[in-house]
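> task: produce atomic coordinates for the following.
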Amino acid sequence: MTCRCDGRQVAPNGNSGAGIRVKAGMRAFRVFLAAVLIALGAGCGQDVAVSAAPLLPERPGGLHLEEMMPSKAEGDPVTAYADGDRTLAVLVTDSEDWDPPYGGKPVKLDRHEATMGGSGRHRWITWPDKTSQDFESFAVLGHGLSDAELTAAANGVVEDRRRPRIDDGRLPDGLSLVKNGSLPVGGWRAELGGTERVWTNRQKRARIVVSQLPGDADMEVLAGTTVSGERREMRGTTGLSGGDLLINGSLSMDWVHEDLSLMMPKVRLWRENGMIVKVSSLGLADDAVDAFVEGLSPAGPEAVERARDSILNYPPDLLFPPDDGDGRPLRVVTSGRLGERAWAVAAGMRGESLTHAFRLLSRRDEAIDGGGSTFGEWKAAYNRGPMVIMREVTDLGLPSDNVLVGFAAAGVVKVRIAYQDGTSEELALGPESVPGGVRWFSAEVKSRSFKLSAELADGKVTGTVRRIP
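The predicted model follows:
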């Protein structure tokens, strides 16, 4: 049940949670603690309100809006049962392998070797469906149930991947069916399948995701079955405050802290005005999350459009963590904006090792981590281009595919791009930077047929370009 995200990754020790386990390949670390966040499809209960205005913060506390869009999460089946604050859910997830969630221990069921985890009154059991070709797993989640009750329920699971459920004779006393629905396996994002907003400050490795959709009381139960939290007052109602019951998946290096508690999602879930709202944060203390939640308010159409505009004004220096995880400090070397998109590139060097990273933001689409490259032995000859392309234009169809990134060697005073239709423009050069005092440039090209030219300090013009790698 492991989910993967783009970028370099780290992972806490699966046994104690105190160590870091290094994995080979692309010089990456991995952290298996991103949350499987439960969500559900929109319901039609009588408690659903007509208004679905997105909640936006009055004071985001040093965070900046990075995404604002409908969730693209795909749903998987889930069935929920409840008796007051005692809840039970059975669900199916699919991922890249059958690794159990973080922090579990082996347990034997009647028909399976399984893994049990959780803490206190919040427990889970999961096992792989070995008949599945898609690495699907079953999971049973319980709140306020004993280990014996949870184990009995797991032994009573009807292993129907389209509609998992528990045999009535194996249900703990008092529990009854609340809802059949679906959930997105959203990695460590707070997706509910509705609208979603993401605020970040990657320089401080902090992130808050707000997800909401219309839902009745039964949906609130279904959504809350994966929250490892207690009920308390928030925003004039009673909600859940805690973490995610199932924590697995991969966490980008952008959110890694020496204090492991800052890498564990802090979750708030409640229902107001007929909307289910889920907030999940990384890199923030509980009081900061609570202040953010209390500062949320419904936004009208004009406020929503202003919020979308603010995405393109995200400070480029805050789009990247302080370093790449291997000691190379990341600094923004070029950035740009065109239409409804904005982008930035950061680079860093340690010894002879160079890394660069790319990120693109959009008013109406998800942020794109365009990756980058790390060169273990950067050669000084590469700096004498006079122009070097580090990120080529591609034909994959993503909004970021049209963004060209490169740098001009020392001695270049201007770089121009020219197209077959006869138009051309000068590209802005960034400050002197790594490697070796070069100046980076970037542009969203309007055609894949173009030519670059560089004007040198002595007035000469050259079209010589090196492409790396």
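> can you list the domains in this protein?
For the chain, automatic domain parsing gives the domain ranges 9-305, 318-467.
> residue 312 is nearest to which of those domains?
domain 318-467 (4.5 Å; CB to CB). Yep, even glycine has a C-beta here, placed from its N, CA and C like the rest.
> can you give me the helices for the protein?
Applying DSSP state H to the chain gives helices spanning 147-155, 217-224, 286-294, 301-312.
> quick one: closest of those helices to residue 182.
Nearest to residue 182, of these and by CB to CB, is helix 217-224 at 9.4 Å.
> how distant is that closest one from the center of its chain?
In this view, helix 217-224 has its centroid 23 Å away from the chain centroid, taken as CA atoms, centre = their mean, to the nearest Å.
> and it, what's buried?
For helix 217-224, burial by neighbour count (16 or more other CB atoms under 10 Å) applies to 218-224.
> pLDDT added to those residues, as JSON lines?
Listed next are the buried residues of helix 217-224 as JSON lines, based on pLDDT from 0 to 100:
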{"residue": "218", "pLDDT": "92"}
{"residue": "219", "pLDDT": "89"}
{"residue": "220", "pLDDT": "92"}
{"residue": "221", "pLDDT": "92"}
{"residue": "222", "pLDDT": "89"}
{"residue": "223", "pLDDT": "88"}
{"residue": "224", "pLDDT": "89"}
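> which of the domains of the chain is buried the deepest?
domain 9-305 (a mean of 19; mean count of other CB atoms under 10 Å).
> identify the bridge partners of residue 94.
Residue 94 forms beta bridges with residue 136, as assigned by DSSP bridges.
> from what I can see it touches residue 134, true?
Yes - at 4.7 Å, residue 94 counts as touching residue 134 under the criterion of CB atoms under 8 Å.
> from the chain's centre, how far out does stretch 256-263 sit?
In terms of CA atoms, centre = their mean, the centre of stretch 256-263 is set 16 Å apart from its chain centre.
> can you get me the start-to-end distance on that stretch?
Terminal residues of stretch 256-263 lie 6 Å apart, using CA to CA, to the nearest Å.
> out of the domains of the chain, which gets the lowest mean score?
Mean pLDDT across the domains of the chain is lowest at domain 9-305; the value there is a mean of 80.
> one step back: for the helices of the chain, give me CSV that also has distance to residue 271.
Formatted as CSV, these follow (distance: least, CB to CB, whole Å):
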stretch, distance to residue 271
helix 147-155, 26
helix 217-224, 5
helix 286-294, 13
helix 301-312, 21
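> and the ones you listed: which comes nearest residue 280?
Smallest distance to residue 280 across those (CB to CB): 9.0 Å, for helix 286-294.
> and the closest one, what does it pack onto?
Under the contact definition 3 or more CB pairs under 8 Å, 6 or more residues apart in numbering; DSSP states H and E, helix 286-294 sits against strand 227-234, strand 266-272, strand 275-282.
> now render the ones you listed as CSV, adding distance to residue 432.
CSV is the format used below for these (distance: least, CB to CB, whole Å):
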stretch, distance to residue 432
strand 227-234, 49
strand 266-272, 41
strand 275-282, 34
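> who wins for proximity to residue 181 among those?
strand 275-282 (11.5 Å).
> now do that closest one against strand 266-272, angle only.
Relative orientation of strand 275-282 and strand 266-272, computed by axes from the mean of the first three to the mean of the last three CA atoms, to 10 degrees: 170 degrees.
> parallel or antiparallel, list what pairs with strand 275-282.
Strand 275-282 sits in its sheet next to strand 206-214 (antiparallel), strand 266-272 (antiparallel), going by DSSP bridges.
> chain center to the last one: distance?
Translated: strand 266-272. Between the centre of strand 266-272 and the centre of its chain there are 18 Å (CA atoms, centre = their mean).
> and if you look at the longest one?
Distance of strand 206-214 from the chain centroid (CA atoms, centre = their mean) equals 11 Å.
> quick one: closest of the strands paired with strand 275-282 to residue 301.
strand 206-214 (16.5 Å).
> dump that closest one to CSV, keeping only the CA atoms.
Provided in CSV are the C-alpha atoms of strand 206-214 (Å, rounded to 0.1, in the frame of the first residue of the first chain):
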residue,chain,number,x,y,z
ALA,A,206,5.4,23.8,5.6
ARG,A,207,2.1,22.8,3.8
ILE,A,208,-1.6,22.9,4.5
VAL,A,209,-4.2,21.3,2.2
VAL,A,210,-7.9,22.1,2.6
SER,A,211,-10.4,19.8,0.9
GLN,A,212,-14.2,20.1,1.0
LEU,A,213,-17.3,18.8,-0.6
PRO,A,214,-21.1,18.6,0.1
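> would you mind getting the angle between it and helix 217-224?
Here the directions of strand 206-214 and helix 217-224 differ by 150 degrees (the same axes, to 10 degrees).
> pull the contacting residues for the closest residue in space to residue 158 that isn't next to it in sequence.
Leaving aside its chain neighbours, residue 158 sits nearest to residue 165 (5.0 Å; criterion: CB to CB, 6 or more residues apart in numbering). Contacts for residue 165 (CB atoms under 8 Å, 6 or more residues apart in numbering) come out as 79, 90, 157-158, 180.
> also residue 125?
107, 109, 114-116, 139-140, 150-151, 154.
> name the nearest of the residues you listed relative to residue 71.
Of all the contacts of residue 125, residue 139 has the smallest distance to residue 71: 20.8 Å, by CB to CB.
> do you know how far that closest one is from residue 383?
52 Å (CB to CB, to the nearest Å).
> ditto for residue 116
56 Å.
> what do you get for residue 286?
Distance from residue 286 to residue 383, counting by CB to CB: 48 Å.
> ok, residue 352 next?
Residue 352 is 12 Å from residue 383, by CB to CB.
> just residue 327 next, same as before
21 Å.
> likewise for residue 316?
Residue 316 sits at a distance of 23 Å from residue 383 (criterion: CB to CB).
> then residue 52?
Between residue 52 and residue 383 the distance is 53 Å, computed by CB to CB.
> cool, and residue 76?
Look at residue 76 and residue 383: by CB to CB, they are 50 Å apart.
> how much space separates residue 122 from residue 261?
Distance from residue 122 to residue 261, counting by CB to CB: 17 Å.
> hmm, back to that, quick one, which of the strands paired with strand 275-282 gets closest to residue 390.
strand 206-214 (27.0 Å).
> of the contacts of residue 125, closest to residue 86?
When the contacts of residue 125 are compared for distance to residue 86 (CB to CB), residue 150 comes out closest, at 11.1 Å.
> and the furthest pair within the contacts of residue 165?
Farthest pair in the contacts of residue 165 (CB to CB) is 157 and 180. Separation: 14.1 Å.
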